[in-house]
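Trainee: With the sequence up front, the predicted model follows.
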Protein chains: 2
Amino acid sequence: MRVFAPASIGNVGPGFDVLGLAVDGIGDVISVALTDGPPRVESLSGRDAELVPRDPARNVCVIAATAWLRAHDDPRNPIVTIEKGLPLAGGMGGSAASSVGGAYAAALAADHVPEPREVIAAALEGEASVAGRHLDNIAPCVLGGLALSRSVDPIDVAALPVQADWWVALVTPAVRVETKAARALLPDATPRAEWIQQMANTAALVHAFASGDSALLSRALDDRYAEPRRAQLIPNFHAVKKAAVDAGAFACTISGSGPTLFCIAEDEAAASKASVAMQNAFGIATTAHIGPIARHGVRPL
Amino acid sequence: MRVFAPASIGNVGPGFDVLGLAVDGIGDVISVALTDGPPRVESLSGRDAELVPRDPARNVCVIAATAWLRAHDDPRNPIVTIEKGLPLAGGMGGSAASSVGGAYAAALAADHVPEPREVIAAALEGEASVAGRHLDNIAPCVLGGLALSRSVDPIDVAALPVQADWWVALVTPAVRVETKAARALLPDATPRAEWIQQMANTAALVHAFASGDSALLSRALDDRYAEPRRAQLIPNFHAVKKAAVDAGAFACTISGSGPTLFCIAEDEAAASKASVAMQNAFGIATTAHIGPIARHGVRPL
């Protein structure tokens, strides 16, 4: 059975390592068969497929699928088929989606309908192997919508209410930003005024999604920590951001560790208009996707 | 006309300078008359009245009332009557309540029914004269319930949804903690892991109040910044906190900059039980109050 694991936006502006937002219509498609032999990648296709490790010991989908099986005392190993819809390191939750898809598909292959928490725990093993122990992409990929990661150890996540049918545009310039390089730009210690503002914006963002208050969203989706430091990694960052807002988007910033930028807009037409404006402002090759906030996370196709 | 301005809990655990919670049944009662002469404090009674400055230039209630009048081009001055229900520096929002009450009563005296934002702006002038430019007590005192202060300049606050009819116990030991001294214990720069956890807990706390999830409240009402550093100012802090939780409260921590501790509990009986346990654990003279989360902020009596 093939499963679809949607794209996700890590951080969602101020919510560094804490918030994530699932976006529908683009993601990775995974299927898993079980074997008594060694694990392997059966097939790997789609976006950035040539960059994804085929070595099962380094493939996040295999690692997550295996983690799910071991957690359920299943001695079998996964044979995975991966259709990548998401770039490997674009800031669209590609490694999380492959991990989540692997864990979920392994569960279905073993005739379980898994609990979200089980999928999250297994997917974390995959994600951790390439991107550190973070749940800000895994949680929305599993739960859908806006998700909160309060704690990784122990896992404590929540699906947060989303009142409005907003749409998202994701625009990825043809430059590569590695998560580790993007992290290296960020200082460890942060002055109080800065993190208090970040915390206030994150709390306000949660309320903006819950209440559908787009004006509050515009004010709260304001990242004072990562965005000012990572903007240099993204060509024409400030022009692209301005173009999105000038085109009517509520707000625009970096998705995860970039280089993808995302904006949130009222509806499909507004997201489409902002997406075109962002692509034009980049002035280099880009790929773009628009989709509604995903109401559901990983699911059978 | 006399107005009632309720007690409020600043920070509400992790939400340093960002969240505040209004508690009903205890507060300051203020009335204002207008004069063409100089401003003055007509009468000052109640808790800690002997410690409240009668000098109108240093009295937060007079300052806030005057600020409201000036903001509305009213050349008159306030004559204020203050019945203090809240301690001067107890961490129960006493200066905020006197400021809010002064601004609101001045508006009523001038035959205005003021907008919340106008009251907040004027009250901030009073609060700022003694406690800095913070809205974490003023916002809940005006709006009621759980309030978010996203920004002070410009003022950006929101009333957050509160799903459950939880009760609060406030227990104040007979020691004095000045806000400035309590602030001096707090470092300016904070490591990333610490503020991310604080931010995650604050976002989770907002969701716990909105959803009525008391188990999440227990996990999220966990302050990693101020509590560990200020606990030393409060006699038997750890024993009192443990006593509250052992008695059935969801969580217990410092209210504002202390020395008041507060806990949140299921209902009146649970708050009462926790309050007694906390008073016993303090082992010194205390005053205690229990009340429901205030559904409304400042209002005419």
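Mentor: That came through fine.
Trainee: hey, let's count contacts and neighbours off CA atoms from now on
Mentor: Will do.
Trainee: who in the stretch 101-250 of chain A is up against chain B?
Mentor: For the stretch 101-250 of chain A, the residues in contact with chain B (Cα under 8 Å from any Cα of the partner chain) are A:148-151, A:160, A:187-192, A:195-204, A:206-207, A:220.
Trainee: can you do 7 Å?
Mentor: Counting by Cα under 7 Å from any Cα of the partner chain, the residues of the stretch 101-250 of chain A close to chain B are A:149-150, A:188-192, A:195, A:199-204, A:206.
Trainee: so what's residue A:171 bridging to?
Mentor: On the basis of DSSP bridges, residue A:171 is bridged to residue A:261, residue A:288.
Trainee: quick one: it and residue A:290 touch, right?
Mentor: No. Using Cα atoms under 7 Å, residue A:171 is not in contact with residue A:290, being 8.6 Å away.
Trainee: between those two, which one's more packed in?
Mentor: The residue with more neighbours, out of residue A:171 and residue A:290 and counting by other Cα atoms under 10 Å in any protein chain shown, is residue A:171; that gives 28 against 25.
Trainee: Against chain B, how distant is that one?
Mentor: 27 Å (Cα to the nearest Cα, to the nearest Å).
Trainee: Which of the residues of the stretch 101-250 of chain A next to chain B are buried? Put it as a ChimeraX command.
Mentor: In ChimeraX, this line selects whichever of these come out buried by 16 or more other Cα atoms under 10 Å in any protein chain shown:
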select /A:149,150,190,192,195,199,200,201,202,203,204,206
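Trainee: Can you list which of the residues of the stretch 101-250 of chain A next to chain B are found in strands?
Mentor: A:149, A:150, A:189, A:190, A:191 (DSSP state E).
Trainee: So residue A:125, which state does it fall into?
Mentor: At residue A:125 the chain is in helix, as set by DSSP: H, G, I helix; E, B strand; the rest coil.
Trainee: residues contacting it?
Mentor: Residue A:125 makes contacts with A:63, A:64, A:67, as judged by Cα atoms under 7 Å, 6 or more residues apart in numbering or on different chains.
Trainee: Closest one of those residues to chain B?
Mentor: residue A:64 (25.1 Å; Cα to the nearest Cα).
Trainee: Ends of stretch A:293-301, what's the gap?
Mentor: 18 Å (Cα to Cα, to the nearest Å).
Trainee: Report the buried residues of that stretch.
Mentor: Neighbour-count burial for stretch A:293-301 [16+ other Cα under 10 Å]: A:293, A:294, A:296, A:297, A:298, A:299.
Trainee: all helices for chain A, in order.
Mentor: Listed in chain order, the helices of chain A (DSSP state H) span A:60-71, A:94-109, A:116-131, A:138-143, A:179-184, A:192-211, A:214-220, A:226-230, A:237-246, A:268-282.
Trainee: and the ones you listed as CSV, adding mean pLDDT and distance to residue B:110?
Mentor: Output for those, formatted as CSV (pLDDT from 0 to 100; distance: least, Cα to Cα, whole Å):
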stretch, mean pLDDT, distance to residue B:110
helix A:60-71, 98, 67
helix A:94-109, 98, 60
helix A:116-131, 95, 58
helix A:138-143, 98, 52
helix A:179-184, 80, 56
helix A:192-211, 98, 34
helix A:214-220, 98, 32
helix A:226-230, 96, 47
helix A:237-246, 98, 42
helix A:268-282, 98, 46
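Trainee: thinking again about what came up before, out of the buried residues of stretch A:293-301, list just those in strands.
Mentor: residue A:299.
Trainee: Could you export the buried residues of stretch A:293-301 as TSV, including pLDDT and distance to chain B?
Mentor: Output for those, formatted as TSV (pLDDT from 0 to 100; distance: Cα to the nearest Cα, whole Å):
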residue	pLDDT	distance to chain B
A:293	98	19
A:294	97	20
A:296	97	19
A:297	98	20
A:298	98	23
A:299	97	25
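Trainee: mind checking how far residue A:55 is from chain B?
Mentor: 33 Å.
Trainee: Number of residues surrounding that residue?
Mentor: Residue A:55, neighbours per other Cα under 10 Å, totals 12.
Trainee: same thing with residue A:130?
Mentor: Using other Cα under 10 Å: residue A:130 sits among 15 other residues.
Trainee: what's the answer for residue A:44, then?
Mentor: By other Cα under 10 Å, the residues close to residue A:44 number 18.
Trainee: ok, it to chain B distance?
Mentor: 36 Å.
Trainee: Could I get the contacting residues of that residue?
Mentor: Contacts for residue A:44 (Cα under 7 Å, 6+ apart) come out as A:81, A:82, A:83.
Trainee: Go again with 10 Å.
Mentor: The contact partners of residue A:44, taken as Cα atoms under 10 Å, 6 or more residues apart in numbering or on different chains, are A:30, A:50, A:52, A:53, A:54, A:80, A:81, A:82, A:83, A:84.
Trainee: Deepest in the core, which of the helices of chain A is it.
Mentor: Comparing the helices of chain A by mean neighbour count (mean count of other Cα atoms under 10 Å in any protein chain shown), helix A:138-143 ranks first with a mean of 34.
Trainee: same for that helix, what does it pack against?
Mentor: When contacts are defined as 3 or more Cα pairs under 10 Å, 6 or more residues apart in numbering or on different chains; DSSP states H and E, helix A:138-143 sits against strand A:2-10, strand A:19-35, helix A:94-109, helix A:116-131, strand A:146-151, strand A:156-160.
Trainee: which residue sits closest to residue A:121, ignoring its sequence neighbours?
Mentor: Ranked by Cα to Cα, 6 or more residues apart in numbering or on different chains and with sequence neighbours excluded, the top spatial neighbour of residue A:121 is residue A:155, at 7.4 Å.
Trainee: what number of residues lie near residue A:112?
Mentor: Other residues lying near residue A:112 total 12 when counted by other Cα under 10 Å.
Trainee: I figured it hits residue A:103, correct?
Mentor: No. Using Cα atoms under 10 Å, residue A:112 makes no contact with residue A:103, being 11.1 Å away.
Trainee: Not counting sequence-adjacent ones, nearest residue to the closest residue to chain B within the stretch 201-301 of chain A?
Mentor: The nearest approach of the stretch 201-301 of chain A to chain B comes at residue A:203, 5.1 Å away (Cα to the nearest Cα). Nearest non-adjacent residue to residue A:203, counting by Cα to Cα, 6+ apart: residue B:203, 5.1 Å away.
Trainee: returning to what we had before: show me the common contact partners of residue A:171 and residue A:290, please.
Mentor: Listed as contacting both residue A:171 and residue A:290 by Cα under 10 Å, 6+ apart are A:262, A:263, A:274, A:275.
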